[in-house]
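J.: Take a look and give me a structure for this.
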Amino acid sequence: MSDYAVFAHPEFDPNDYANAILAGEPYPPQPGKSKPTKSTGLAPASEDVSVAISKLTFSLDDVDKQLKNVVTTHHEDLLVQAAGVSDLEGSLGSVRTGLNELDSSLEKLRLKIRVPYQSLQTHVTKLERLQQASDILRRTSRFVILARRLELQLAEMNKAETAEPEGSKTNGATATPARAGTPQLESEDEKERAIAKAALTIAELTALLDANEPSTSGAPGEEDHRNGDGEPVPLSSVRAVAVHLPFIDAARTRVTTDMEAMVITGLATLNQSMLASSLQTAHNLRVLPDLVQNLVSDLSEAVEGRIRSAFDLSRISKDIMAKDSASIGQGLLYKSRVRTEPTSVTAPQWTAALWGSLESLIEEMADCCIKVYTLEKVLRVKRDPVTDVVFLDEAMKVLENKPSTTFWASLGRSLEKQARDAAKASTFLQQTLSTGYPRLLRLFHSFFTKIAVHTDTVYTQTQQSPETVLVLRALSNFESLYLSRSSNRLNEAVGQAFSGGARVPPGMSEGVNVARAVANELDSAKFDPLLVQSVARYAVSSLELMLTRADNLITRDRAATSLIGPVATPQQILNGSVATCLYHSWTRLGKLREEYPDIVTSILQPVISKLHGAFDRVVDPVLSSIRRELGAIIAKLHRMNFNDSIDPMTAMGGGPSPYMKDLIEKLTFVKNEVLAQYNVPEVSRQWVLSIVRFVIKTFVLHASIAKPLGESGKLQLTSDMTELEFGLSAFMSDKTQGKRGTDWDAVGDDYRALRGMRQLLFLDNAALASPKQTTGLPPLIVLHHILVRSPITLPHALHGWAEAEYVRWVEEHSEDEAWTLVDGDVTHWEKMTEAEGGDPGAATEYVQLARTVLANAQQKGAV
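T.: Numbers count the residues shown, from 1 in each chain. Just a heads-up that it's a prediction; the model follows:
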C-alpha cells in the first residue's frame, strides 16, 4: 500500500501530480526545500513520461484486480446490502408523501392566520396613531390653558410689584409708623402667593414639554408618547405650543430670579415667612434640593473666604498702609513693599488690626450660622400642601447631611486649615494668638452666645455641644502653644522653689508661690470649661514634678527623727522646710475646690492628696518618735520609790522627780527645736494638743500603777503633777497669739483626768467606788488605784509585762478589753488565794470596790 500512499493523501491533486511528473519534482513537495529552477529550454524531463504512464497503467490494473477479488470474496454481503437498498427506497417514499401532506397543511394555516394578522396589525397601527394624535391634542389643549393661566399669574405679579412702591409712598406720607407696613406686607404676601402659583404652573408646563420623563405633578401626559418609529413626539413640534415657548422661558427666568431674591432677602432679614414662601416656589419648580445645596455651599464658601481673609497678613498689611496713607499726605508717604511680618514699631498696630479682623470674622460667622439654622428650621417645619412632603426630607435627597452639620464641618475644617497654615507661615501670628489664646477663646464664646438664641448649640460649664467642641478643636494648635507656655511658667515656679537644693531648701514662701502660680493659671482659663481642664492637667504634671523633687530632698535616716538634742539636726531642719513648702502648697490648692466645678477639682484632687500624703510621710515619723521618747521618759516613773520610807516633808520640798525634769526639758526641746522647724501654725497647734493629750494620758496610766505607793509617794506624785501641768502649759503657750493663759479646754477629758488623779490619791477607800468622787477619771484608772492600795497583784505583774508594755497594750485596746483584763486579774487572785490557803478576807473590801467600779462602768457604757 505504500505505492499508493501518494494517491491516498487527502490533499492529492491530479494536476499538481502531473505537473510534478513533467517537471521532474517529487510529489508531494518536501517542506523547506526550494523548488529547482525550471529550464527555459526544451530539454526532456528527468523521468520519462512514458515510464510514469506505464506505472499508472500498471497500478490501475492492479487496483482493478484487487476490486474483483474483494467483490468475489464478499459477494454475499454485497447482495444482502443491495436488497436492503430497495427496502429503504420504499420507506423513503412514504416519508416523502408525509412531508408533502405537511406542506399542504402549513399552507392552509398560513392562509387562515397570516392574512388576518397582517390586516389586524394595520388597524392597530392606525388606532395607535389616532390615540397618539388625540393625546397630543389633549396635552396641547392643557398646555395652552396653563400658558394662559401663567399669563394671568404674571399679570398678578406685575400688579403686586406696582402696588408695593405706591403703598410704601402712601404709607410714608399718611400712615403712622405702627401701621405703615401693613398694605406693603399684604402686597408682598400677594406677590409671594402669585410667584408660588406661577412656579407650579411652570413646573406642569415643563412636565408636559418633557414627553420622555414622567410627570410628578399629577398632570396629564404621564405616559411615554412615541410615534410609529418608536421615537418620542416632542410637544414643542406643535406650532400652537411652540408659539408659547419663549414666553414660558422668560416666565421661568423671572420666577427663578424672584424666588432667589426672596430667598436671599428672607435669609438676610431672617424672615421665616418669606423664606418658607420662596422654598415653596423652589419646590414647585422642582429645584428645591439643588437650591438648598447651593445655599449651604455658598454660605460655607463665604465663611471660608472670610476666615482666609482674617488670617491673611498681607491684607492686614495693606489695610494698615492704606490707613497710614490716609492720615499722611500722599506726597509725604514713602511706599514700601508689602510686609508679611511687623517690625517692633508696627507690632501694636498689627496686633490691633489682627484682633479687629478676628472680631469682624466672628460677627460674619455668627451671621452665616444663624442663616443656616434658620434655613434648616424652615425646611424642617415646612410641608408641601399637596403631597405633605417635608421639605427637609426632599432636600436630603441631594445633601449628604443636614445643612447645619455640613456647615459646622466646613467651618471647622476651614478654620483648622487656615489657622494651621497661617501659624506656620507667620511667627507674629503664632505668637500673638498663642499668647492671647484666652482672648481668642472669648471671641468664640461671644460667637456661641450670639448663635445660641437661634440654634440648639450649648456651651456652658456643665454642657458643651459637639459642634462647639468641633470648632474649638480647630484652634488646638494655638491651645497647645498656650498650654505649653502655661506649663513652662508652672515648671519655672517649681524650679525656682527648689533652685537652692539642700543648702537652701524650699519653705513657706516657695510653697505659696507654687500654689499661687497654679491658681493664676487656672484663673486665667476659668472662663472656659475645656481650657481650664487642660490647664489643670498640665498643673498636675508640674505638681508631680514638685513631688519628685521634694521626695529627692527629704531625708529618711535616723538623724531625721533623733531627739537627742540639744538642737535640731540638719536633717530635721531640711525636712521641716520641705514639709512646710508641701503644706502651704497643699492647703492653698485645697481651697480651689470652692472656686471650680467638680470636674476640675477631680483632676487636681489626686495630686493634692499626694501632696498631703508626702507631708504626712515627713511628719508622722517625727511625731511617732516624739511620742516614743516622751513615753520612755515617763516610764522612768517606776524607777522611783514612792513608799512611805521617805520623809513626807522632804518629798514636798524636794521639787519634781528627775524623770519629770527630763520630761519638761524634752518638751522644751521638742517645741523650740523640732516643731519650730515646721512653719504650719494650724497643724502645729493640733500636734501640740495631741502630744499634750498623749503625755497626760500616759503619765496618768503610769502613775495609776505605781506600786507600792505610800503617803510620801502620793505627795511626790502630786508635786510631779504640778510640775507637769506647768511644763505642759509652757509647751502649749503660743507667743504669736495675744490670748493669755493656757487653753486647757482644748485638751478635754485628759486634763480633767490629770486633775482628778491628784484628788484620787487622797480619797478614802469607801469613796473610790463613788462616781461623784472620781469625776473626770476613767474607770480603768480608779481600778488601778484600788489594786495599788490592795494586796492584789496588778494585771501587768500577773502576766509578766513591764509597765511600759502594759501601758502600750491599754492604748492599743478598747476600754472593755482593759476592764475584762482587770476583772480577770481580780478573779485569778481570788482563786489563787483559796488554792494556796490564804486569807481572802484581807482584800475583800478592795475586791468589792473593784466589782462596784466595774459594774458602774459597764452600766454607763451600756446606756
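J.: Which residue ranges of the stretch 751-863 of the chain form helices?
T.: 779-789, 795-799, 803-812, 815-836, 844-862 (DSSP state H, counting those that start in this stretch).
J.: Arrange those helices in JSON lines, one row each, with mean pLDDT and mean neighbour count as further columns.
T.: Just so you know, the C-beta spots here come from the backbone N, C-alpha and C atoms, and that holds for glycine as well. What follows is those, written out as JSON lines (pLDDT from 0 to 100; neighbours: other C-beta atoms under 10 Å):
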{"stretch": "helix 779-789", "mean pLDDT": "88", "mean neighbour count": "24"}
{"stretch": "helix 795-799", "mean pLDDT": "86", "mean neighbour count": "18"}
{"stretch": "helix 803-812", "mean pLDDT": "90", "mean neighbour count": "17"}
{"stretch": "helix 815-836", "mean pLDDT": "86", "mean neighbour count": "15"}
{"stretch": "helix 844-862", "mean pLDDT": "83", "mean neighbour count": "16"}
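J.: residues touching the closest residue to residue 677 other than its chain neighbours, list them.
T.: Using C-beta to C-beta, 6 or more residues apart in numbering and skipping the chain neighbours, the partner closest in space to residue 677 is residue 576 (2.7 Å). Residues in contact with residue 576 (C-beta atoms under 8 Å, 6 or more residues apart in numbering) are 568, 677, 678, 679.
J.: For the residues you listed, could you give me a markdown table that also reports distance to residue 656, secondary structure and pLDDT?
T.: Output for the contacts of residue 576, formatted as a markdown table (distance: C-beta to C-beta, whole Å; DSSP: H, G, I helix; E, B strand; the rest coil; pLDDT from 0 to 100):
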| residue | distance to residue 656 | secondary structure | pLDDT |
| --- | --- | --- | --- |
| 568 | 26 | coil | 90 |
| 677 | 28 | helix | 91 |
| 678 | 29 | coil | 91 |
| 679 | 32 | coil | 90 |
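J.: is it true that residue 532 touches residue 596?
T.: Yes. Using C-beta atoms under 8 Å, residue 532 is in contact with residue 596, at 6.9 Å.
J.: more neighbours, these two?
T.: residue 532 (23 against 20; other C-beta atoms under 10 Å).
J.: Contacts only, for the residue lying closest to that one once chain neighbours are set aside.
T.: Nearest in space to residue 532, with sequence neighbours left out and distances taken as C-beta to C-beta, 6+ apart, is residue 525 at 4.3 Å. Residues counted as contacts of residue 525 (C-beta under 8 Å, 6+ apart) are 438, 486, 531, 532, 534, 535.
J.: which element is the third one on?
T.: Right, the one you point to is residue 531. Using DSSP states H and E, residue 531 falls within helix 529-553.
J.: next one: the first one
T.: Here residue 438 is covered by helix 437-452, with elements defined by DSSP H and E.
J.: Any buried residues in that helix, and which?
T.: Using 16 or more other C-beta atoms under 10 Å as the burial criterion, the residues of helix 437-452 that qualify are 437, 438, 440, 441, 443, 444, 445, 447, 448, 450, 451.
J.: now the end-to-end length of stretch 462-476.
T.: Its first and final residues considered, stretch 462-476 spans 21 Å by C-alpha to C-alpha, to the nearest Å.
J.: hang on, I meant stretch 393-400
T.: Using C-alpha to C-alpha, one end of stretch 393-400 lies 11 Å from the other.
J.: likewise stretch 275-294?
T.: Start to finish, the residues bounding stretch 275-294 are 15 Å apart (C-alpha to C-alpha).
J.: one step back: what's the distance between the residue nearest to residue 532 and residue 592?
T.: 13 Å (C-beta to C-beta, to the nearest Å).
J.: what do you get for residue 270?
T.: 43 Å.
J.: Over to residue 556?
T.: According to C-beta to C-beta, residue 556 and residue 592 sit 30 Å apart.
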